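In: Okay, here's the prediction I keep looking at, along with the sequence it came from:
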Amino acid sequence: MAGSGASRRLVLLEVVRRGVQLGLFVLFSAGLWGLAATPLLLPILIPSSTPGRVVGNAFSVMEHMLSEGLAPLLPLAAFIIICSLFGRALCGWACPFGLVQDILRHAKRRPFEVAAHTHRSAVKLKYYVLGACLLVSGTLAISLAAGVGEDYKKALGYFALGPFTVLSPAETLFSLLPGLLVELVEQKPDPRAFMSNLPWFFWARLLVMVSVLVLVAYVPRGWCRYLCPVGALSAVFSRFSLLGLRINTVRCDRCGACVRTCPMMVRLLEQSPEKISDPECIYCLRCVAACPHGAIRPRFP
């Protein structure tokens, strides 16, 4: 009976979470229906070139400011404030590309299980991606501020405006491909000539997007776990999050249901039960719903 109750709670939670994710995606794109844009920056993958968006992608704005030699204080503040308050909850409830991943996890009936030691090593990849992006953008900003960066910027080519933004699978899925579709519909060019004139970088972006979509179809939230630099930067500040999880040790029998259902493979039972603020946790609350004894609850602060 406890198992069936947990299953019902999980189904209900996922229905609610999909509704919130979809509702926020519509809200974030509400400029298409006349809603004015706001100066709000969020640490999620809001495609920066999507028409109609009313909020900004903090990471893309950070890269753009660095490409102009400006100090990215406002986007950095967005990461610090939001992640220090709510951890990576926006990754689990508001990120449009998170919604895509959550839908694609149903593409395979039994997702691929990543071994614990492989997971511990692979988690570090997104920090390397973050470091590479900040290295390129940071050195460009410093050289521009010193007045010697124009040649460097020209040499970077596509990557000058943001090494992550130009390759982001979310940008390709939500901005680049819809834009090409609109162009095809409105201008009606010859399809063969149109495709042959596309630059090599388009195919590189398409390859990255398809590879990521295949990954997340096999590995739940594989992009968030292992590759997303936005999640990596969020995780840095999420370590100090006021939002966390608490395990009632009296009720908990350490059955492991919470660990098995976690899409981010957070080892809840290996942490202090009073306040868990794991940097990899996206607060999707699947662990709360899956616990047969109701031993896990959100805690704030």
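Out: Perfect, thanks for sending it.
In: for this protein, where's the lowest mean pLDDT among helices and strands?
Out: Lowest on mean pLDDT, DSSP states H and E among the helices and strands of the chain sits helix 191-196, with a mean of 82.
In: Pull out the buried positions in it.
Out: Residues of helix 191-196 classed as buried: none (neighbour count, 16 or more other CB atoms under 10 Å). (Glycine included, C-beta is placed from N, CA and C.)
In: oh, and call the first residue 32 from now on, that's how I've got it
Out: Sure thing, new numbering starts at 32, so read that last one as helix 222-227.
In: Centre of the chain to it, how far?
Out: Centroid separation between helix 222-227 and its chain, computed with CA atoms, centre = their mean, to the nearest Å, is 33 Å.
In: Can you pull out the residues in contact with it?
Out: The contact list for helix 222-227 (CB atoms under 8 Å, 6 or more residues apart in numbering) reads L215.
In: before we move on, what about stretch 281-292?
Out: Contact partners of stretch 281-292, identified using CB under 8 Å, 6+ apart, comprise 37, 41, 296-300, 304, 317-318, 320-327.
In: Contacts only, for Y249.
Out: Residues in contact with Y249, defined by CB under 8 Å, 6+ apart, are 139, 142-143.
In: Same question for A191.
Out: Going by CB under 8 Å, 6+ apart, A191 touches 98, 171, 184-185.
In: Hmm, S308 and F271 touching each other?
Out: Yes. Contact criterion CB atoms under 8 Å: F271 and S308 qualify, at 7.2 Å.
In: These two: which is more packed in?
Out: S308 (20 against 13; other CB atoms under 10 Å).
In: and the more buried one, what pLDDT?
Out: Note on S308: pLDDT of 92.
In: and what of the one 5 residues further on?
Out: Among the per-residue scores, I313 holds a pLDDT of 97.
In: separation between the most far-flung residue of the chain relative to its centre and L215?
Out: Going by CA atoms, centre = their mean, the residue of the chain most distant from its centre is D221, 36.3 Å out. In this view, D221 and L215 are 10 Å apart by CB to CB, to the nearest Å.
In: Relative to G50, which of the contacts of Y249 is nearest.
Out: P142 (22.7 Å; CB to CB).
In: To what extent is the closest one buried, counted in neighbours?
Out: 18.
In: any idea whether it is helix, strand or coil?
Out: State at P142, reduced to three classes by DSSP: H, G, I helix; E, B strand; the rest coil: coil.
In: what's the following helix or strand after the longest helix along the chain?
Out: Criterion DSSP state H: the longest helix present in the chain is helix 33-59. Sequence-wise, the next helix or strand downstream of helix 33-59 (DSSP states H and E) is strand 72-73.
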